[in-house]
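# with the sequence up front, the predicted model follows.
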Amino acid sequence: MPDWLHILIRAFSALAALFVLTRILGKKQISELTFFQYVTGITLGDLAGDLSTNVEKNFFHGFLALMVWFLIPFLLEMLTLKSKMLRYWFEGKGTVLIKDGRILEDNLKKERFTGDELLEQLRSKSVFRVSDVEFAMLEPSGDLSILLKKEHQPLTANHLGIQLNNEKPSQTAIMDGVIQDEPLAAAGKSRGWLLCELEKLGMTKENVFLAQVDAYGELSVDLYDDKLKVPKPVQRRILLATLKKCEADLEIFALTTRQADAKLMYGKCAEELQQHLLKLTPILKSK
């Protein structure tokens, strides 16, 4: 057998084996690695490369070594799922670097982390003052987890006492100019509705690269021609304006009517609608 054909077969076999073994080891092998996963990944890659090109070595011996480096990490991973002590040994544990806005220099030296590296990690999280940080921990993966002090945390709807419904994922109605029936049905829409919405925007599905329907039934599109401007959805703002007009009309009816019962009814309806508007306004103005 020619050497080039021999290498081709060995390379394909090694690649297939490495792909299967990595899939079995799980997504951790392609995420931020711990020390043990880092060593395992490098060794598996090196063994696969040597197995592919070194025609002088026995293929079975190389494959056997590859299986050993797969089975040991796989078995250890199964054991670490049941033992916290083993997880500490093989994966390490987090180290607190900042507490109450103060840097813990001893822990910094323990992890061989310089002040410049710490500041760089903070900047990557959009934090530019150490005193703004309540707590920061260096994870076993090498990532820095940060908790800002309350006064420096982003303002949320919960802080304002506003209750919001859970956001549902958008469904892709058109991809590469082709209508996607299954996601469209999941959004509770039909092809007729989609074509009607596109007609309102003055375009055909062939001109659309991507179209998505959000949880509120609004259609957003991205065209092949980036120079063309697409009108923004206005259904929510129209609905908000209509509700505000209804509230104003009810208040006018309450002021102008002479019947006491009708005045009370209109006033009560206006108050209820105003309460609902307080909850709905952040949702209807979100775009």
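Structure's in. What do you need? Numbering: from 1, shown residues only.

# ramachandran angles for the residue lying farthest from the centre of the chain?
Distance from the C-alpha centroid of the chain peaks at residue 258, with 57.3 Å (C-alpha atoms, centre = their mean). Note on residue 258: its backbone torsions stand at phi -100, psi -10 [degrees, to the nearest 10].

# what helix or strand does the residue nearest the centre of the chain sit in?
By C-alpha atoms, centre = their mean, the chain has its centre lying nearest to residue 169, at 11.2 Å. In the assignment (DSSP states H and E), residue 169 maps to no helix and no strand.

# next, the closest residue to it other than its chain neighbours: secondary structure please.
Leaving aside its sequence neighbours, residue 169 sits nearest to residue 215 (C-beta to C-beta, 6 or more residues apart in numbering; 7.8 Å). (Glycine included, C-beta is placed from N, CA and C.) Of the three states, residue 215 takes coil under DSSP: H, G, I helix; E, B strand; the rest coil.

# does residue 215 touch residue 189 like I think?
No. Residue 215 lies out of contact with residue 189 (C-beta atoms under 8 Å); the separation is 11.9 Å.

# show me which of those two is the more surrounded one.
Neighbours were counted for residue 215 and for residue 189 using other C-beta atoms under 10 Å; residue 189 has more, 17 against 13.

# the more buried one: what's it in contact with?
173, 213, 217 (C-beta atoms under 8 Å, 6 or more residues apart in numbering).

# got it, and residue 103?
So residue 103 contacts 97, 115, 118, 130 (C-beta under 8 Å, 6+ apart).

# and with 10 Å instead?
97, 113, 115, 118-119, 130, 133, 136 (C-beta atoms under 10 Å, 6 or more residues apart in numbering).

# where does the nearest residue to residue 149 once chain neighbours are set aside land in three-state SS?
Spatial nearest neighbour of residue 149, chain neighbours left out: residue 134 (4.6 Å); criterion: C-beta to C-beta, 6+ apart. Under the three-state scheme (three-state DSSP), residue 134 adopts strand.

# residue 134 touches residue 100, doesn't it?
Yes. Here residue 134 lies in contact with residue 100, judged by C-beta atoms under 10 Å, at a distance of 6.8 Å.

# more neighbours: which of these two?
residue 134 (16 against 10).

# state the distance from that one to residue 178.
Shown here: residue 134 relative to residue 178, a distance of 49 Å by C-beta to C-beta, to the nearest Å.

# can you check residue 60 too?
48 Å.

# and residue 140, by the same measure?
With C-beta to C-beta as the criterion, residue 140 and residue 178 are 44 Å apart.

# so which of the two has more stuff around it?
residue 140 (19 against 10).

# mind checking pLDDT for the more buried one?
Per-residue confidence (pLDDT) for residue 140: 77.

# do residue 267 as well
pLDDT, residue 267: 89.

# ditto for residue 132
93.

# got a list of what the closest residue to it other than its chain neighbours touches?
In space, not counting the residues next to it along the chain, residue 132 is nearest to residue 152; the distance is 4.5 Å by C-beta to C-beta, 6+ apart. By C-beta under 10 Å, 6+ apart, the contact set of residue 152 is 127, 129, 131-134.

# of these, keep whichever come out buried.
Buried members of these, counted by 16 or more other C-beta atoms under 10 Å: 127, 132-134.

# returning to that earlier point: and the residue nearest to residue 132, how close does it get to residue 72?
From residue 152 over to residue 72 (counting by C-beta to C-beta), the distance is 45 Å.

# got it, and residue 198?
Counting by C-beta to C-beta, the gap from residue 198 to residue 72 is 57 Å.

# strands along this structure, start to end?
95-99, 102-103, 133-138, 144-148, 171-175, 178-179, 208-213, 219-223 (DSSP state E).

# picking that back up, what's the overlap in contacts for residue 215 and residue 189?
Joint contacts of residue 215 and residue 189 (C-beta under 10 Å, 6+ apart) are residue 171.
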